[in-house]
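Colleague: My questions concern the predicted model and sequence given below.
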Amino acid sequence: VTGTSHSATPQGVIRALFRDAVEMTRAATGDTRPRTVVRTALLQDGYALLVTTRVRETARQLHVPLVNRALRLAQTALYGIEIGKDVQLGRGVYFVHTVGNVVGGNAVIGDRVRFMGNVTVGTARDDGYPVIEDDVVLGAGARVLGPIRVGAGAVVGANSVVLHDVPRGAVVVGSPARVVGTASARLSSADP
Ligand SMILES: CC(C)(COP(=O)(O)OP(=O)(O)OC[C@H]1O[C@@H](n2cnc3c(N)ncnc32)[C@H](O)[C@@H]1OP(=O)(O)O)[C@@H](O)C(=O)NCCC(=O)NCCS
């Protein structure tokens, strides 16, 4: 899990956006040919979300007033998503569907994590926020709550409520979520 830190210089931001485009394309298609990266960056709402999030982070690092809040509201208005100001979003996090996702507090989201829509990553009892490791898939309607860790490459089934750590590569389903298998085939992330 790399978190977000990029330097608040024009070069730092451009480098971060380039890495986001490549990693998001890898998450979306498994392919990183330049054509595919450009196409994904231009056509996917998820990339516009990453760009606006990186601008929010940079504005906060530079202590520019209001930009973070204005863009957070714009993200909610345009894409129906809420990403808290202290969330660390890894490289190329892929919002396959943007609507209904809420990521709160100081949650840490790893590289290429896929959000299938209407997912909550938040606190259970005001006692901390999750760490979602790289390449996790969060199924539609999943709730991941509390100071827990979802191991790299795990898959959280649709509508699951996850309240405990999830081992790397596990498939968990249900409420409360339980392990039912091991992630193998790449889940499809068809173009919205
Ligand atoms: C969990 C998931 C990835 C399937 O993983 P899998 O390893 O192939 O698991 P299986 O389909 O073999 O199911 C294993 C068991 O879990 C159950 N199960 C699967 N998904 C479930 C879910 N979301 N909630 C509750 N139970 C579920 C199955 O019924 C099965 O139970 P059984 O052994 O009693 O028959 C898939 O069901 C899922 O939820 N994907 C999310 C996709 C998504 O969000 N799509 C939105 C696109 S917009």
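Modeller: In hand now; what should we look at?

Colleague: contacting residues for Ala124?
Modeller: 145-146, 163 (CB atoms under 8 Å, 6 or more residues apart in numbering). Heads up, the C-betas are built off the backbone N, CA and C, glycines and all.

Colleague: how much space is there between it and Leu145?
Modeller: 4 Å (CB to CB, to the nearest Å).

Colleague: Mutual contacts of the two, please.
Modeller: Residues touching both Ala124 and Leu145 (CB under 8 Å, 6+ apart) are Leu163.

Colleague: for the ligand, what are the nearby residues on the protein?
Modeller: The chain comes close to the ligand at residues 97, 116-117, 139-140, 155, 157-159, 171, 173-174, 180-181, as judged by CB under 6 Å from any ligand atom.

Colleague: pLDDT of the helix ranked longest in the chain, averaged?
Modeller: Longest helix in the chain by number of residues (criterion: DSSP state H): helix 10-29. Helix 10-29 shows a mean pLDDT of 96.

Colleague: Nearest to the spatial middle of this protein, which residue is it?
Modeller: Val93 (4.1 Å; CA atoms, centre = their mean).

Colleague: residue contacts, it?
Modeller: Neighbours of Val93 in contact, by CB under 8 Å, 6+ apart: 24, 27, 46, 50, 109-115.

Colleague: Mark which of the residues you listed are part of helices, please.
Modeller: Per DSSP H, the subset of the contacts of Val93 in helices is 24, 27, 46, 50.

Colleague: ok, back up a step: could you point out the helix or strand that follows the longest helix of the chain?
Modeller: helix 34-43 (DSSP states H and E).

Colleague: could the residues of the chain next to the ligand go into JSON lines alongside secondary structure, pLDDT and neighbour count?
Modeller: Below are the residues of the chain next to the ligand laid out as JSON lines (DSSP: H, G, I helix; E, B strand; the rest coil; pLDDT from 0 to 100; neighbours: other CB atoms under 10 Å):
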{"residue": "His97", "secondary structure": "coil", "pLDDT": "98", "neighbour count": "19"}
{"residue": "Met116", "secondary structure": "coil", "pLDDT": "98", "neighbour count": "20"}
{"residue": "Gly117", "secondary structure": "coil", "pLDDT": "98", "neighbour count": "20"}
{"residue": "Gly139", "secondary structure": "coil", "pLDDT": "98", "neighbour count": "21"}
{"residue": "Ala140", "secondary structure": "coil", "pLDDT": "98", "neighbour count": "16"}
{"residue": "Val155", "secondary structure": "strand", "pLDDT": "98", "neighbour count": "26"}
{"residue": "Gly157", "secondary structure": "coil", "pLDDT": "98", "neighbour count": "21"}
{"residue": "Ala158", "secondary structure": "coil", "pLDDT": "98", "neighbour count": "14"}
{"residue": "Asn159", "secondary structure": "coil", "pLDDT": "98", "neighbour count": "15"}
{"residue": "Val171", "secondary structure": "strand", "pLDDT": "98", "neighbour count": "20"}
{"residue": "Val173", "secondary structure": "strand", "pLDDT": "98", "neighbour count": "18"}
{"residue": "Gly174", "secondary structure": "coil", "pLDDT": "98", "neighbour count": "13"}
{"residue": "Val180", "secondary structure": "strand", "pLDDT": "98", "neighbour count": "12"}
{"residue": "Gly181", "secondary structure": "strand", "pLDDT": "97", "neighbour count": "12"}
